[in-house]
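In: Structure for this input, please:
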Amino acid sequence: MDLELRHLKTIRAIADAGSLTKAATALGLAQPALSAQLKRIERALGGELFERGRQGVRATALGEFVLARARVVLPAVSGLREEALRFGREWADGTGFRLGATHGPLLGALVDRLAAAHPGAPVTTHTSWSEREIASRTADGRLDFALVGACGASPPPQSELLVWREVARDPVFVMLPTGHPLAACREIDLAGLADEAWTDVPGDGCFADCFTAACARAGFTPSSVYETDVASCVHLVQVGRAVGLCRATFPPTPGLVTRPLAGSPLYWRHLLGWHPEAPARDRAAAVFTQARAAHAEAAARSESYTAWLAEPSRAITPGAGVS
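Out: Next comes the predicted model:
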């Protein structure tokens, strides 16, 4: 017999009542049926849970052990049920936000802004290095909104099913350790980094091909590119093992600096997507506004990006860069 929650409730009822007869009454069972059930539970747990006597029942050492666990598990399950019902009602009412995102710089800020603007509304997140996975989950209703990036002018995934709006577009910057010979430069020619190893986060878009093409135009082929998570990219740059590619909004980080590449050979578009027939469509404008505000805040925190934006000749126009 598999132990079930109802069995724990039975054990607790017997302990609270102090006798099988009183427990049977409380549970709406005949006393012989409760006795038979208790025996099955005890066989499943490997020993007697109660000592029977003229004064009723008293928990054995094993019974006390099981009761202690039951008094933790049963309230937890009850709380889970209540929270799940509330959560389900809120989703049904269209008040929650299920966000999917790649490992970009905006998700945390967007969650914070939505939670502040909609107190009590559930906000959940799903992250993946795959833009296609995030878009697929949004297309089939498992997510409400997709916050992903696209390289240059390349189309976003699932563009035939989802509505996409451009939150912002940024030049791609380079991360250097603070001690790098070029760290003091205002901008860096890509060709000046020809002898470096590189690091970047993985993705299933065209960015890797676009980077290789940009390097070829600069006259070199990258010697190696470490594709790994953001924390590992930062570590590799900090210790001087590689230079990194990053969005211009990359936050200030000890041990490294971010610098623009001369001529902005690469740029990145931040995109918000949703299904046009999903209930979430009514909240798309609000989420889009919060995403743009999150991007503006991220840009303002980057001194190098703020300086870059201050020069009108640096502005990115739609269709520029590598696609």
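In: From the centre of the chain, point out the most distant residue.
Out: In the chain, the greatest distance from the average C-alpha position (Cα atoms, centre = their mean) is reached by Arg54, at 58.7 Å.
In: contacting residues around that residue?
Out: For Arg54, no contacting residues are found, by Cβ atoms under 8 Å, 6 or more residues apart in numbering. (Each C-beta comes from the backbone N, C-alpha and C, glycine too.)
In: Now do it against Ser19, distance only.
Out: 10 Å (Cβ to Cβ, to the nearest Å).
In: With Met175 instead?
Out: Note on Met175: its distance to Ser19, by Cβ to Cβ, is 71 Å.
In: If you count surrounding residues, which of those two has more?
Out: Ranked by neighbour count (other Cβ atoms under 10 Å), Met175 and Ser19 place Met175 first, with 25 against 16.
In: mind checking how far the closest residue in space to that one that isn't next to it in sequence is from Arg58?
Out: Nearest non-adjacent residue to Met175, counting by Cβ to Cβ, 6 or more residues apart in numbering: Gly244, 3.6 Å away. Note on Gly244: its distance to Arg58, by Cβ to Cβ, is 67 Å.
In: And those two? Which one has more around it.
Out: For the pair Gly244 and Arg58, the greater number of neighbours falls to Gly244 (25 against 13), based on other Cβ under 10 Å.
In: Following element in sequence after the helix or strand harbouring that one, please.
Out: Using DSSP states H and E, Gly244 sits in strand 243-247. Moving toward the C-terminus from strand 243-247, the next helix or strand (DSSP H and E) is strand 256-260.
In: Who are the packing partners of the helix or strand following that next one?
Out: Following strand 256-260 in sequence order, the next helix or strand is strand 267-274 (DSSP H and E). Applying 3 or more Cβ pairs under 8 Å, 6 or more residues apart in numbering; DSSP states H and E, we find strand 267-274 packed against helix 131-139, strand 145-151, strand 163-177, helix 284-301.
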